[in-house]
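Student: Next comes the sequence, and after it the predicted model I'd like to discuss.
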2 protein chains.
Amino acid sequence: MLPAAGEFKSEPLRLRIAAVLRDAILDGDLRPGTPLTETALAEQLAVSRAPVREAIRILAKEGLIDTKPYRGSLVREVTRRDVEEVYGLRRLHESFAVERIVQRHATADLDRLAEVCTRMRGHAEQGDMRAVSVEDDRFHRVLIELADHELLLTIWIQLSHRVRQIMSLRNLQIEDPNRVVANHVAIVDALRAKDLASALARVARHVEEGSELVVEGWIDAP
Amino acid sequence: MLPAAGEFKSEPLRLRIAAVLRDAILDGDLRPGTPLTETALAEQLAVSRAPVREAIRILAKEGLIDTKPYRGSLVREVTRRDVEEVYGLRRLHESFAVERIVQRHATADLDRLAEVCTRMRGHAEQGDMRAVSVEDDRFHRVLIELADHELLLTIWIQLSHRVRQIMSLRNLQIEDPNRVVANHVAIVDALRAKDLASALARVARHVEEGSELVVEGWIDAP
DNA sequence: CAACCGTAGATTGTCGACAATCGACTTCCC
DNA sequence: GGGAAGTCGATTGTCGACAATCTACGGTTG
């Protein structure tokens, strides 16, 4: 098997740098408040300031970094309000996706969701919580994709980044994996049955649960 | 009266350039398909390529410009699908805002909306359709602001840009100004009465009308 | 001692030059 | 005449240097 095209013709530097920084932020390696100075990063990464600068701009647009003119950038603080807003919009957009899926009779594509569920169940049975949450992410990503709405997808991607960051900052996996699997299966079932009301309710409930789990006891930085 | 602070300490160049280009695109002066080369723009604006480059990146993130690595940028084409997607999300987000406004008992702030309506009515009576649509924009912007949701607002701003571009590309003002005013007043009334169902229906209807008016007869570039 | 001014250090903002890449055109060979 | 390799112009990608700006600190003055 030949390597993917992306391996040879490397992406522009700024995108690779942005990806590195993004992962570091989203995984909590760069905690909120950490200053990001162009010069220092450029030196560390052994590149010039130009691509670093552009990477920072990209992440700023994604809401991961705060930048003040002539003063520098730092990893954005995540307040309780941010968490509530992110989850609120997440619920809104997932509901929208569900509506469209039911309307568009995309029942055939639902197999993609079902596949994710079975993989998730496998990991759950083996107690691999890490893998479960990866499939969890994928599930919701696929759900949005099935809505067949480009603009929705781009907004969703931003939101999902924020969600990932929030989860890493509050690294608790106290959820019951079997329950998580059951929740997702229930959503697929409702979609298969084209039961819009039920699907909406289950999605809303699911997001709500996650939100409560995270918001509860969230402490804002002073 | 002293000049505003912004007059003295000028914003970073990239932002001013981005603003200029954005206005040009949104007003239809730069039509979709127009190539934007960094060198040419830099020369025209008598600046270096760096800030021009950043401005282009900003607009690319906003979905106004398409960029291909090493190939250049051009004003993004707007397809019928784009129009449908933009209006679909616009409706979604305005509905969300209405829900929050009713929930949060923000009835006092509704005066801000009422003010916009009266200004709009004034312009309508004088037949100044241009001014009416400016107030129209402001109305929906204020509506979103009243939802008191920062993330929603940032997404909305992007959406409103796209809406503005779409309107300029299809410069028809065949709407009856008095009808437009009445629609907005009706929304405020429903909000005042805390009649969520009615407010949602009226907003949805309003957006739908605008959408139909624009989508109808939209021709995609080949 | 307090308030103010000015300066120093750090950081971003802007610039011009060079390198890398892409797509189209040309040319060469069959 | 057709196909493929090579080349060329245009454009972006990257770089290092210099300028502009901000804040904090320290000195000065009443």
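Tutor: It's in. From a predicted model like this one, the values you see are computed outputs, not experimental measurements.

Student: Can you get me a residue count around A:Glu150?
Tutor: When neighbours are defined as other CB atoms under 10 Å in any protein chain shown, A:Glu150 has 13 of them. Yep, even glycine has a C-beta here, placed from its N, CA and C like the rest.

Student: Which pLDDT does the model give A:Glu175?
Tutor: Listed pLDDT for A:Glu175 reads 73.

Student: Skipping its backbone neighbours, what lies nearest it in space?
Tutor: Nearest non-adjacent residue to A:Glu175, counting by CB to CB, 6 or more residues apart in numbering or on different chains: A:Leu213, 7.0 Å away.

Student: separation between that neighbour and chain B?
Tutor: 20 Å (CB to the nearest CB, to the nearest Å).

Student: so what does the helix or strand where that residue lies touch, helix or strand wise?
Tutor: Applying DSSP states H and E as the criterion places A:Leu213 in helix A:196-215. Using 3 or more CB pairs under 8 Å, 6 or more residues apart in numbering or on different chains; DSSP states H and E, the elements in contact with helix A:196-215 are helix A:80-103, helix A:177-192.

Student: okay, the angle between it and helix A:80-103?
Tutor: Helix A:196-215 runs at 160 degrees relative to helix A:80-103, counting by axes from the mean of the first three to the mean of the last three CA atoms, to 10 degrees.

Student: A:Val98 and A:Lys194 touch, don't they?
Tutor: No - using CB atoms under 8 Å, A:Val98 makes no contact with A:Lys194, being 10.8 Å away.

Student: Between these two, which is the more surrounded one?
Tutor: A:Val98 (25 against 13).

Student: list the contacts for the more buried one?
Tutor: Applying CB atoms under 8 Å, 6 or more residues apart in numbering or on different chains, one finds that A:Val98 lies in contact with A:Leu143, A:Ala147, A:Ile187, A:Leu191, A:Leu196, A:Ala199, A:Leu200, A:Val203.

Student: Could you single out the nearest of those to B:Asp137?
Tutor: Of all those, B:Asp137 sits closest to A:Ala147, with 27.6 Å by CB to CB.

Student: Report how many residues lie close to the nearest residue to the closest one once chain neighbours are set aside.
Tutor: In space, and not counting its chain neighbours, A:Ala147 is closest to A:Ala97: 3.8 Å by CB to CB, 6+ apart. Residues lying near A:Ala97 (other CB under 10 Å) number 23.

Student: ok, now which ones touch the residue lying closest to A:Glu150 once chain neighbours are set aside?
Tutor: Once flanking residues are discounted, A:Glu150 sits nearest to B:Glu85: 6.4 Å by CB to CB, 6+ apart. Contacts for B:Glu85 (CB under 8 Å, 6+ apart) come out as A:His149, A:Glu150, A:Leu151, A:Leu152.

Student: Relative to A:Thr154, how far out is B:Glu85?
Tutor: Per CB to CB, to the nearest Å, B:Glu85 is found 10 Å from A:Thr154.

Student: Then A:Gly63?
Tutor: A:Gly63 is 13 Å from A:Thr154, by CB to CB.

Student: who's more crowded, those two?
Tutor: A:Gly63 (19 against 13).

Student: so the more buried one sits right up against A:Arg162, yeah?
Tutor: Yes - look at A:Gly63 against A:Arg162 with CB under 8 Å: they come within range, at 6.5 Å.
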